[in-house]
Each structure stands twice: as structure tokens, then as C-alpha cells.
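Chemist: Give the three-dimensional model of this entry:
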Amino acid sequence: MTYATRILAVAAVLFCSLATLNAANAAPIVFSSTDPIAIPGSGDSGTANPFPSTLSVSGITDPITDVNITLFNVSHTFPNDIEIALAGPTGVALVILADIGNPTDIVGIDLTFDDQATAVLSNSGTVTGGTYQVAQNGTLPLHLSLPSPLSVTFGQTLSVFNGLDPNGDWRLFVNDDGGGDVGSIAGGWSLTFNSAPDGDLNAIPEPTTLALFGLGLAGLGLARRKRIA
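Modeler: Numbering: from 1, shown residues only. A predicted model of the protein is given here:
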């Protein structure tokens, strides 16, 4: 094995270790609320109970570049009536679901919204459990109103929360804009935070890892020089 080949072999091993470290650092952080949400809170239209549902997040120190939300055990007799907005602790709010689906009942499904999802909920198709991009029907008026000073962000993705401080109270605002039908998010909801987008191992190497890489190359070079001498 030539000297250059050995250098490349050491580099490959060290960078594989770096990839493993980065993958571990990107482990998701999950916060959950098991409190059920009635849709609507009373009658057959209007705001949910509670309005909003609150989830407290704390202890996150790394920059957040990916946020996902899951709604557990969702049911409704006319899912097209549902409008949902997620508000972060900094005041940014995003509509994650609005006027989606046909009249087919949904019963006990889990819905995850993730910017990396490939599936998209149809404006008129049957809503089934799964992982989807944020689902907003821009052809219909939005009846969901949020308390001041929040303003609804419509037509964007969960990336609006990237780079913001995630610590504090996150609020989920749910509204039923129709009449004659009811539902619930019986299992509550959760937020999943990542310090890097899913599958991204191209993070900047940590100083310690770079130091190890340099020491490895230096050691190989020193051994080579001793043999030559």
C-alpha cells in the first residue's frame, strides 16, 4: 500500500466516524401533550376546546432547523371543516391544515406534518393517516382567527420556525368552520425538533473531530519518516 493510499484510508475512516457523530447529534427531541382536543368545543362549529392547546418546550440549546408536528387519534365526521394553526413561542404562526379532504369520515388516524414528506393531502380526496407536507387549501376563505399579536402565515411550510428559539409555549389553534359535524384530536399532539434536517450529515465538523483527523494524519506521516530514516 502506497503512502498516499494509506493517507486516503485513514481519512475515510475518520470521516465515517464524523458522519456517525453527526447522525447522533441530529437525534430528534420530542415534546408531547396527551390532552384531548374537542372539535368544536361546543355545538357543531367554532373554536375547539381548549383553544389553544398548549405545549411547553424547554432545554433546547442547539439551533433548530427542522420542526415536525403529529396529531394523534384524529376523528371528524367532515374533515374539510377543520382548520389548524401552530404558533411558536416567538409569535410566528403557521396554518398546517385547512379545508382539506372530502366528506368521508376520519376515525382515529394519526397525522404528521413534515417538510421532508413526499405525500400531499388532496383538497378533495379521502384523508388517511400518514406523514404529509403542510396541507392548506388556498381556494377557500380561512375562518380561523388568532388572538393579537399573532398573525396567521398561510401558504408556507414548517420551515418558518427554523432558526427561531423553540423554548417556551407552543400553541395549537383548532377551528371547525362548518356546521352539523364534530370531531376530536383525542390523543393530543407532539412536536419533534431536529438540530439538522433528516438525513443531512453535511454538518460542519466539530473542532474535536478535526483535531483527531489532523493527529491521525500527522501520526501516519511521522511513522513514514521514521521508516525512511
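
Chemist: Work out which residue lies at the spatial centre of this structure.
Modeler: Taking CA atoms, centre = their mean, the centroid of the chain lies closest to Asn68, which sits 1.5 Å from it.

Chemist: mind listing what the helix or strand where that one lies pairs with, with the direction of each?
Modeler: Assigned by DSSP states H and E, Asn68 belongs to strand 66-76. According to DSSP bridges, strand 66-76 forms sheet pairs with strand 106-113 (antiparallel), strand 183-185 (antiparallel), strand 189-194 (antiparallel).

Chemist: Those into TSV, with extra columns for distance to Ala87?
Modeler: The way it works is simple: take the backbone N, C-alpha and C, and place the C-beta from them, glycine included. Formatted as TSV, the strands paired with strand 66-76 follow (distance: least, CB to CB, whole Å):
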stretch	distance to Ala87
strand 106-113	14
strand 183-185	16
strand 189-194	12
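
Chemist: Most tightly packed of these?
Modeler: Stretch with highest mean neighbour count among these: strand 183-185 (a mean of 22; mean count of other CB atoms under 10 Å).

Chemist: what's in contact with that one?
Modeler: Under the contact criterion CB atoms under 8 Å, 6 or more residues apart in numbering, strand 183-185 has outside partners 36-39, 53, 71-77, 79, 81-82, 106, 174, 176.

Chemist: follow-up on the earlier one: for the residue nearest to the centre of the chain, what are its contacts?
Modeler: With CB under 8 Å, 6+ apart, Asn68 has these contacts: Thr112, Phe113, Asp114, Asp115, Leu158, Leu191, Thr192, Asn194.

Chemist: So which of those is the closest to Ser58?
Modeler: For those, the residue nearest Ser58 by CB to CB is Leu191; the value is 12.1 Å.

Chemist: OK, contacts around Thr131?
Modeler: If you count contacts by CB under 8 Å, 6+ apart, Thr131 has them with Thr112, Phe113, Asp114, Ala117, Ala119.

Chemist: what pLDDT does the closest residue to the last one other than its chain neighbours get?
Modeler: Spatial nearest neighbour of Ala119, chain neighbours left out: Tyr132 (5.0 Å); criterion: CB to CB, 6 or more residues apart in numbering. Model confidence at Tyr132, expressed as pLDDT, equals 98.

Chemist: Assess the claim that Tyr132 and Ile109 are in contact.
Modeler: No - look at Tyr132 against Ile109 with CB atoms under 8 Å: they stay out of range, at 11.3 Å.

Chemist: the domain parsing of this structure - what is it?
Modeler: 1-26+205-229, 28-195 (automatic domain parsing).

Chemist: any chance you could map the helices in this protein?
Modeler: For the chain, applying DSSP state H gives helices covering 3-25, 207-228.

Chemist: pLDDT below threshold where in the chain?
Modeler: Applying pLDDT under 70 to the chain flags residues 1-26, 139-140, 196-229.

Chemist: coming back round to it: among the strands paired with strand 66-76, which comes closest to Leu97?
Modeler: The closest of the strands paired with strand 66-76 to Leu97 is strand 106-113. By CB to CB, the value is 7.5 Å.

Chemist: Can you get me a residue count around Asp66?
Modeler: Using other CB atoms under 10 Å, Asp66 has 21 neighbouring residues.
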